[in-house]
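In: Prediction below, plus the sequence it came from.
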Amino acid sequence: MTEEKLRVVVGAGEYNNNPGWIQTQETELNLLQRDDWGQRFKADTLHAILAEHVWEHLTYDEGREAAKICFDFLQPGGYIRCAVPDGFFPDEEYQNGVQVGGPGPIAHPAASHKIVHTYRSITKMFEEAGFRVELLEWCDEEGQFHSRDWDEANGFIYRSKRFDHRNQNGRLGFVSLIVDAMKPIREQ
């Protein structure tokens with residue numbers, strides 16, 4: 001008998017791009033409310049958490065605190081797959097759209113952006129919470145895009161090089177900074 005892998009999408013939105021995963025919204029599972037997590041899950045039981053364009057709605061300190069809460073509920077070897085706007089993507093229109101405070105009316109989803117991460121800041125934030133971080137897609141300081149092969153079965157990210165419809169004919173129209181933040185396996 002195989003043990004079921006508990007996999008959770010936080011801030012799932014209206015699309016279910018990850019069938020078989022538990023889909024949640026902020027109103028039912030707030031990243032910053034440990035009690036929300038404790039009412040639904042036991043410590044050290046989750047296999048994976050997916051957050052596509054969620055962490056930019058937290059300040060750096062809130063993001064670190066949310067990562068610490070997630071850390072406690074992930075099993076050793078579990079991970080967070082996190083995608084956020086990339087602060088080093090060299091496209092002025094993109095940067096205007098993802099900037100802190102957003103590009104326009106308060107009703108726009110980007111209006112609640114509190115940070116624009118780079119690979120350096122997101123790596124540091126997750127490492128401060130105890131994770132080991134692997135970069136999957138990111139831009140460096142010169143705006144050069146980098147990517148590693150990653151399996152969408154371990155957390156599908158639409159806003160990625162491979163899947164976003166705006167990326168066509170070798171041109172990147174929209175990218176995300178994507179990382180896997182892994183909870184270390186305890187030494188015996």
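Out: Here it is on my side, so go on.

In: which residues in the chain form helices?
Out: 34-40, 60-73, 92-98, 119-128 (DSSP state H).

In: OK, contacts around the nearest residue in space to Pro85 that is not next to it in sequence?
Out: Distance criterion CB to CB, 6 or more residues apart in numbering; nearest residue to Pro85, sequence neighbours excluded, is Val98 at 3.6 Å. All C-beta atoms are positioned from the backbone trio N, CA, C, and that covers glycine. The neighbours of Val98, taking CB atoms under 8 Å, 6 or more residues apart in numbering as the test, are 56, 85, 110, 113, 116.

In: could you flag which of those are buried?
Out: Buried subset of the contacts of Val98 (neighbour count, 16 or more other CB atoms under 10 Å): 56, 85, 110, 113, 116.

In: how far away is the second one from Arg159?
Out: Pro85 sits 9 Å away from Arg159, taking CB to CB, to the nearest Å as the criterion.

In: Now do the shared contacts for these two.
Out: Common contacts of Pro85 and Arg159, defined by CB under 8 Å, 6+ apart, comprise 53, 176.

In: quick one: the residue nearest to the spatial centre of the chain and Glu93, what's the gap?
Out: Closest residue to the average C-alpha location of the chain: Cys82 at 1.8 Å, with CA atoms, centre = their mean. The spacing between Cys82 and Glu93, counted by CB to CB, is 24 Å.

In: Next: Ile115.
Out: Taking CB to CB, one finds Ile115 at 19 Å from Glu93.

In: can you check Thr118 too?
Out: Counting by CB to CB, the gap from Thr118 to Glu93 is 18 Å.

In: These two: which is more packed in?
Out: Thr118 (19 against 10; other CB atoms under 10 Å).

In: Looks like that one contacts Phe88 (just checking).
Out: Yes. Thr118 lies in contact with Phe88 (CB atoms under 8 Å); the separation is 5.2 Å.

In: Could you pull out the residues contacting both of the two?
Out: With CB under 8 Å, 6+ apart, Thr118 and Phe88 have common neighbours 138-139, 141.

In: ok, and the most crowded of the residues you listed?
Out: Going by other CB under 10 Å, Trp138 tops the shared contacts of Thr118 and Phe88 with 25 neighbours.

In: All good on my end, thank you.
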